[in-house]
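Engineer: Sharing a sequence plus its predicted fold:
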Amino acid sequence: MKNDIILAGVGGQGILSIAAAIGLAAVNSNLYIKQSEVHGMSQRGGDVQSHLRISDRPIASDLIPAGKADMIISVEPMEGLRYLPFLAPTGWLVTNINPFNNIPDYPAADDLLTQIKAVKNHIAIDADAIAKEAGSSKASNIVMLGAASLFLDMPFEKIEEGIRQLFGRKGDEVVQLNLKALRMGREFSERNR
Amino acid sequence: MNNSKLLLLGDEAIAQGAIDGGLSGIYAYPGTPSTEIMEYVQGSKQAAELNIHRQWSTNEKTAMEAAIGMSYAGKRAMVCFKHVGLNVAADAFINASITGVNGGLIVVSADDPSMHSSQNEQDSRFYGKFSMIPILEPSNQQEAYDMAYFGFELSERLNVPVLMRITTRMAHSRAGVQRREVKPQNQLHLPSDPRQFVLLPAIARKNYKKLLVSQSAMELESEKSAYNQLIPGTDKSLGIITTGIAYNYLIENYPDHKCPYTVLKVCQYPIPRKQVTDLYNDCEKLLILEEGYPIVEEMIKGFLNIGKTIHGRLDGTLPRDGELNPNIVAKALGMPVTEGQLVPNIVKNRPPSLCQGCGHRDVYEDLNEALKEYGTGRVFSDIGCYTLGALPPFNAINSCVDMGASITMAKGAADAGLVPAIAVIGDSTFTHSGMTGLLDAVIENSPITVIISDNSTTGMTGGQHSSATGRIVEICKGIGVHPDHIRVVTPLKKNHEENVKIIKEELEYNGVSVIIPQRECIQTFARRKKSEKKESNE
């Protein structure tokens, strides 16, 4: 079993919380994991990415080779497209459709959607709206994780367990909200895959 | 895989390894990608219980010197900074190999090939060779832990500091790490030779000879080190030497990670002469894979290059600059590289920028307005979040060379006749290495205006303690800036006109002025509010 995942977004959008939840699920499943993060200058509103590798066998490289990623999870529609050279032909692009526009030449929403739909396996999800429906727009990254969870080779219960660990300190209400967001994201992917 | 493993960044693995290995004090100045080493120790309950020293230093040189002092007193110390920080600490660092150590001393320098967050990609291994001490370069997080854990003993055994060199991907990648039994700290004890650390020429000459003699012992350590492995292969047409994480990129390209060629995996220096010789004699030609400069490649190739063919960065088999990855290594081996779809051309660059609500933004708006009548090209800056003022929409600064250089470059330009010359520096950078330059300017009464944009933190690296907080005005007075020309302002939209007026007044003054726009970093402000709210709820 091997899942090579690129997480994409803009500095400050919190892609590392998704990585942390998957990481906990992987550790709880006794899997090997390597996760490369971006710290420093790009965290100030620049494009950021994380390479997350999970396997039942030892992992060599901290970076995923080009054309080998099983999935891109992007919390922003343009940022997922940036890493398409990494995506395997059979891989999934799971992306939020809400733009983070902090540059003058940001592309038109329709053009982005066209490009997303040109990827054979894609999930384009309005994670912000679903998160609001689940109870808080802050949970949109967890909606993204839920949408992506369908394509992870890990039992869904392990990911739920990861969420409980990650948010446990913040009380049961927060845990329940995020579990709901996670399930709603997953249901979206089940309906739209 | 064992559940008791910790999931740690390379930086964190080094920190935990040092704590478990008997660390008594860590000294550092923040710098990507090294910052998380100190942050981990600061957040560690174990480190607090063990009363390990864990405060940020004012700069890398003071950090290095304090660590030498702790070593003198018999205890185990670690120093951490980014690669260019080692330039700042170099004076103390090089001489520490001549003094030798008493308590074990590990210096961690984090290189940034591809310059993700740096102004160059210098390779710290040159410094290790320069000062003739062993270098440890982990290839994974477990080795990072182990090297820190056992590094103090290596340092004490060889009587020299040990340099630990890591690169961005090692520093900022997480993996499972197995801990070892916690070792006790050393007892306070003085060096057996009271003059060991007195580098008067007569003593330094003796110490230096000892260092030269111990080179063979260091080479022997490398030859028997478990971090250096000769992994036999069946295909003798090529032999491969990897250093540090380059090994991972190599074996990533083979099923089950089994390379058909013989591989010498080097993670401890000096490079092990015996194994290199064996590999050289056993194979038709060599390929050298190293993350950073082609330092090993140059050594093995030699100036005359009259031996077997050596492939690497120097002959174009691999790119001369930038970090490695599995694809670059695959190409060097002549293996096919499959890429996914191209990046659609609607995807635009998204450079980093100053946060919305950041005080530096207001400073640049004020400054640009005030400078309209003088024209552009006279603003010197240096390293920090405020360097982003070089980008649109501000286009406000004309230099970024090294920490503290804003003030001294402005002075030099003013000496040349560029008047007024302006320096923009942050609070933490000012105390790091701006203060001495300000003294130069005061002594000559140079016509410069220094703007110390004070957000009361070390911002770019994530908001660490700034040595300058609450002290800047007094420091400037103490250095000798006339109190009438130390102007504290608040960089807010509503103060724009008033601040522009103040800057204009000081630009007209024919001497040293300091303007201190003071407003808390928007990131640390948000975090503070959040934790205050949390506390009031509890």
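Structural biologist: Right, received. Where do you want to start?
Engineer: Give me the below-cutoff pLDDT ranges for chain B.
Structural biologist: B:1-3, B:538 (pLDDT under 70).
Engineer: host element of the closest residue to residue B:370 other than its chain neighbours?
Structural biologist: Distances taken as C-beta to C-beta, 6 or more residues apart in numbering or on different chains place residue B:503 nearest to residue B:370, at 3.8 Å, with adjacent residues excluded. All C-beta spots, glycine's among them, are computed from the backbone N, C-alpha and C. Counting by DSSP states H and E, the element that carries residue B:503 is helix B:496-508.
Engineer: Please apply the same query to residue A:8.
Structural biologist: strand A:2-10.
Engineer: That strand - contacts with which helices or strands?
Structural biologist: Secondary-structure packing of strand A:2-10 (3 or more C-beta pairs under 8 Å, 6 or more residues apart in numbering or on different chains; DSSP states H and E): helix A:15-28, strand A:47-55, strand A:69-74, helix A:77-82.
Engineer: how would you label the residue lying farthest from the centre of chain A: helix, strand or coil?
Structural biologist: Each residue of chain A has a distance to the centre, and by C-alpha atoms, centre = their mean the biggest one is for residue A:104: 25.7 Å. The assignment at residue A:104 comes out as coil when based on DSSP: H, G, I helix; E, B strand; the rest coil.
Engineer: ok, it - contacts?
Structural biologist: residue B:392 (C-beta atoms under 8 Å, 6 or more residues apart in numbering or on different chains).
Engineer: got it, and residue B:9?
Structural biologist: Neighbours of residue B:9 in contact, by C-beta under 8 Å, 6+ apart: A:37, B:36, B:40, B:141, B:171-174.
Engineer: and which of those residues is nearest residue A:4?
Structural biologist: Lowest distance from residue A:4 to the contacts of residue B:9 (C-beta to C-beta) belongs to residue B:173, with 13.7 Å.
Engineer: lowest average confidence, helix or strand, in chain A?
Structural biologist: helix A:15-28 (a mean of 90; mean pLDDT, DSSP states H and E).
Engineer: Can you name every helix or strand that it contacts?
Structural biologist: Secondary elements touching helix A:15-28 (3+ C-beta pairs under 8 Å, 6+ apart): strand A:2-10, strand A:32-36, strand A:47-55, helix A:140-149, helix A:156-167.
Engineer: Remind me what the shortest one packs against, helices and strands.
Structural biologist: Secondary-structure packing of strand A:32-36 (3+ C-beta pairs under 8 Å, 6+ apart): helix A:15-28, strand A:47-55, strand B:173-177.
Engineer: chain center to it: distance?
Structural biologist: From the chain centre to the centre of strand A:32-36 is a distance of 15 Å (C-alpha atoms, centre = their mean, to the nearest Å).
Engineer: Tell me how confident the model is about that strand, as a mean pLDDT.
Structural biologist: Across strand A:32-36, the average pLDDT comes to 95.
Engineer: Quick one: work out the angle between it and strand B:173-177.
Structural biologist: 150 degrees (axes from the mean of the first three to the mean of the last three C-alpha atoms, to 10 degrees).
Engineer: Strand partners (parallel or antiparallel) of strand A:32-36?
Structural biologist: Sheet partners assigned to strand A:32-36 using DSSP bridges are listed as strand A:47-55 (antiparallel), strand B:173-177 (antiparallel).
Engineer: Kindly export the least confident helix or strand of chain A (C-alpha atoms) in CSV.
Structural biologist: Taking Å, rounded to 0.1, in the frame of the first residue of the first chain, the C-alpha atoms of helix A:15-28 are listed here in CSV:
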residue,chain,number,x,y,z
ILE,A,15,-2.8,22.9,4.9
LEU,A,16,-0.7,21.4,7.6
SER,A,17,-3.8,20.6,9.7
ILE,A,18,-4.9,18.2,6.9
ALA,A,19,-1.4,16.7,6.9
ALA,A,20,-1.5,16.3,10.7
ALA,A,21,-4.8,14.5,10.6
ILE,A,22,-3.7,12.1,7.9
GLY,A,23,-0.4,11.7,9.7
LEU,A,24,-2.1,10.7,12.9
ALA,A,25,-4.3,8.2,11.0
ALA,A,26,-1.2,6.7,9.4
VAL,A,27,0.6,6.4,12.7
ASN,A,28,-2.5,4.8,14.3
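Engineer: Contacts for it, please.
Structural biologist: Residues contacting helix A:15-28 (C-beta under 8 Å, 6+ apart): A:5, A:7-9, A:32-33, A:35, A:37, A:48-50, A:52, A:54, A:73, A:75, A:141-142, A:144-145, A:148, A:152, A:154, A:158-159, A:161-163, A:165-166, B:3, B:5, B:7, B:174, B:176.
Engineer: Give me the buried entries from the residues you listed.
Structural biologist: Among these, those buried by neighbour count (16 or more other C-beta atoms under 10 Å in any protein chain shown) are A:5, A:7-9, A:32-33, A:35, A:37, A:48-50, A:52, A:54, A:73, A:75, A:141-142, A:144-145, A:148, A:152, A:154, A:158-159, A:161-163, A:165-166, B:5, B:7, B:174, B:176.
Engineer: Who is the residue positioned nearest the centre of chain A paired with across the strands?
Structural biologist: For chain A, the residue nearest the mean C-alpha position is residue A:73 (3.5 Å; C-alpha atoms, centre = their mean). For residue A:73, the beta-bridge partners are residue A:7, residue A:94 (DSSP bridges).
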